[in-house]
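Undergrad: Have a look at this prediction, sequence included:
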Amino acid sequence: MPSQTDRKIVVIGAGIIGVTTALRLRMDGYSVHLLDRRGIASETSRGNAGAFAFTEIEPLAAPGIIRKAPGWLIDPLGPLSIRPAHALQTVPWLMRFWQASRPDRYRAAVAVQAALMEHGRAALERLVARVDGEPMIRREGQLQLYEGLAAFRASLPGWELRRQHSIPTELLHSPGAIAEIQPGIDPRFTHAGFAPTWMNTVDPEIWTRHLAYRFTARGGIYDTARITALEPVGDRVRIRSETDDIFADHVIIATGAWSHLLARQLGDRIPLETERGYNTTFPDASFDLRTHLTFSGHGFAVSRIQHGLRVGGAVELGGLRLPPNFRRAEVLVEKTRRFLHGFEPGHGTQWMGFRPSPPDGLPIIGPATRCPNVIYAFGHGHLGLTQSAGTAELVSEIIAGAAPSVPLAPISAARFARR
C-alpha cells in the first residue's frame with residue numbers, strides 16, 4: 001500500500017459533492033485529480049436554491065404518499081409529476097419508493113438522515129472556517145408556510161420529529177406572527193414553521209467555485225474529461241476517457257444523476273431516478289426577502305441569490321433525456337407573484353437541473369460492492385449542497401480506514417442488492 005502522499009485519488013465529478021470531497025482529500029495530504037466532463041459546477045450545483053437544509057430529515061417516501069401517485073400523472077404542472085413518456089421506466093423505482101414508505105422503513109430512514117444532518121452541519125462549520133467562507137454564508141433561517149389550519153396540522157408530525165432530534169423550531173399561528181419575520185406574505189398563509197438555524201449560501205455556483213479554487217491552490221489537479229469506463233486492474237483502477245487512460249489507487253464517483261451508469265460497470269445496479277427541478281433567477285430583487293421561504297403545499301421555495309431572487313423547486317420524474325418543460329418554472333413564478341405582495345418578476349433566467357434520487361431518500365456513500373477502492377458519493381437528491389461537507393469527511397474516513405462518523409451500512413450500495 002502506498003504512503004498517504006503517494007496514493008493517487010481521482011474524483012470524477014466537479015459538482016459540489018466532488019469538489020468538496022477533492023478539497024478535503026487534498027487537505028488530508030493525498031494526491032488528488034478532479035475530473036469533469038463539462039466544468040466546475042456545470043450541472044445541478046450551479047442552479048439550486050443555495051440552501052443548507054439541515055432541518056430536512058424526512059424523506060419523500062413517507063407513509064401514505066404513494067396514494068398520491070395517480071394525481072401526479074393528472075396534473076403535469078403540480079408539485080409532483082411524472083412525465084408520461086418516462087412513466088414506464090419509473091415503475092421499478094416507484095415500487096421501491098412504495099416499499100421505502102412503509103412506516104418501519106420510513107422511521108429508520110429518518111434516523112439515518114438525522115444523523116447525516118447532524119454530522120453534515122458540524123462538517124460544514126469546520127469547512128467554512130478552513131476556507132474563510134463566512135462571507136459566502138447567509139444565516140437567515142427558513143419559513144415553511146401553510147394555507148389554513150388543516151395544512152398546518154398535517155405538518156405537525158414533521159415538526160415534532162425535528163424537535164425530537166433537537167432541531168430548533170418555532171411554530172407561528174397567525175399572519176401577523178409570520179409578518180414579524182417576513183413582511184409581504186399573502187394572508188392566505190395563516191400558519192408557518194420557522195427554522196432559525198437554517199443557512200444558505202449567497203450563490204451555490206460561487207461557493208462551489210470558491211472551494212475548487214482552494215483545491216487547486218493547494219496543489220490539486222483539475223481537468224475536463226469525458227469518462228467512458230472504469231476497470232479494476234490489480235489493486236488499482238483504470239479510468240478510461242475519450243483521450244487518455246489514468247490509473248488511480250482510489251476513485252470517487254460523484255457524478256450526480258449520471259453516477260449509476262458508472263456504478264453499473266462495476267456490478268452495482270443502483271435504482272437512481274432523476275428528480276428534475278425547475279427555477280427562475282431574477283438578478284434584481286423586487287421583494288425584500290429576509291429569510292428562505294418554502295411554500296410547502298406547492299412544492300417550491302424562494303431564496304436570495306446574490307442581489308436577486310431564485311424561485312424554484314417541484315419534482316418531475318422525467319429521466320435524463322426528455323426536453324425541459326419550462327411551463328413548470330412559469331407556474332412557480334405566477335404563484336410567487338400572488339403569494340408575495342410587491343414581487344414583480346421582470347426578466348429572469350430559467351433553468352432545469354437533475355437531482356439524483358434513490359427511492360429511500362438516502363445517499364449512496366461507501367465502497368463499490370466488488371471494487372473497494374472505488375468509493376461512491378452520490379444520490380443526495382435535494383440535499384447535495386447540504387450534505388457535501390459531511391460526505392467529504394466520510395469519504396476521507398473510508399480511505400484512511402478510520403471509523404466512520406456515521407454508520408455506512410444504511411447508505412451503502414449493498415442495501416439495494418439485499419432488497
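TA: That came in fine, so what should we check first? Numbering: from 1, shown residues only.
Undergrad: how many neighbours does R304 have?
TA: Burial measure for R304: 23 neighbouring residues, criterion other Cβ atoms under 10 Å. The C-beta positions use only the backbone N, C-alpha and C, and glycine is treated the same way.
Undergrad: That one should be in a strand, yeah?
TA: Yes - when DSSP: H, G, I helix; E, B strand; the rest coil is applied, R304 is found to be in a strand.
Undergrad: Roughly how far does the residue lying closest to it once chain neighbours are set aside sit from E330?
TA: Sequence neighbours aside, L289 is the residue nearest to R304 in space, at 5.2 Å (criterion: Cβ to Cβ, 6 or more residues apart in numbering). Going from L289 to E330 by Cβ to Cβ, to the nearest Å gives 20 Å.
Undergrad: what about those two, which has more around it?
TA: Using other Cβ under 10 Å as the criterion, L289 and E330 rank with L289 on top: 19 against 16.
Undergrad: is it true that that one touches G308?
TA: No - L289 lies out of contact with G308 (Cβ atoms under 8 Å); the separation is 9.6 Å.
Undergrad: What average pLDDT does the helix ranked longest in the chain get?
TA: Of all the segments of type helix in the chain, defined by DSSP state H, the longest one is helix 103-130. Averaged over helix 103-130, pLDDT sits at 97.
Undergrad: Are there helices or strands packed against it, and which ones?
TA: helix 16-27, helix 87-100, helix 384-400 (3 or more Cβ pairs under 8 Å, 6 or more residues apart in numbering; DSSP states H and E).
Undergrad: which intervals of the stretch 301-419 of the chain have sub-threshold pLDDT?
TA: 418-419 (pLDDT under 70).
Undergrad: quick one, strands of it?
TA: Using DSSP state E, counting those that start in this stretch, the strands of the stretch 301-419 of the chain run over 308-317, 349-357, 364-367, 374-378.
Undergrad: Switch the ones you listed over to a markdown table; also include distance to A62.
TA: Shown next, in a markdown table, are those (distance: least, Cβ to Cβ, whole Å):
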| stretch | distance to A62 |
| --- | --- |
| strand 308-317 | 13 |
| strand 349-357 | 14 |
| strand 364-367 | 20 |
| strand 374-378 | 23 |
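Undergrad: Make TSV from those and add mean neighbour count and distance to A115 to it.
TA: What follows is the strands of the stretch 301-419 of the chain, written out as TSV (neighbours: other Cβ atoms under 10 Å; distance: least, Cβ to Cβ, whole Å):
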stretch	mean neighbour count	distance to A115
strand 308-317	24	24
strand 349-357	20	19
strand 364-367	23	12
strand 374-378	27	17
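Undergrad: Which one, of those, ends up nearest to G47?
TA: Nearest of those to G47, taken as Cβ to Cβ: strand 349-357 at 4.2 Å.
Undergrad: So for stretch 153-172, what gets flagged as buried?
TA: For stretch 153-172, the neighbour count (16 or more other Cβ atoms under 10 Å) marks S155, G158, W159, L161, R162, H165, I167, T169, L172 as buried.
Undergrad: So which of the residues you listed are in strands?
TA: Among the buried residues of stretch 153-172, DSSP state E puts L172 in strands.
Undergrad: Quick check: the farthest pair among the buried residues of stretch 153-172?
TA: Across the buried residues of stretch 153-172, the longest distance by Cβ to Cβ is 20.4 Å; it joins H165 and L172.
Undergrad: Which of the helices or strands spans G176?
TA: Here G176, judged by DSSP states H and E, is contained in helix 175-181.
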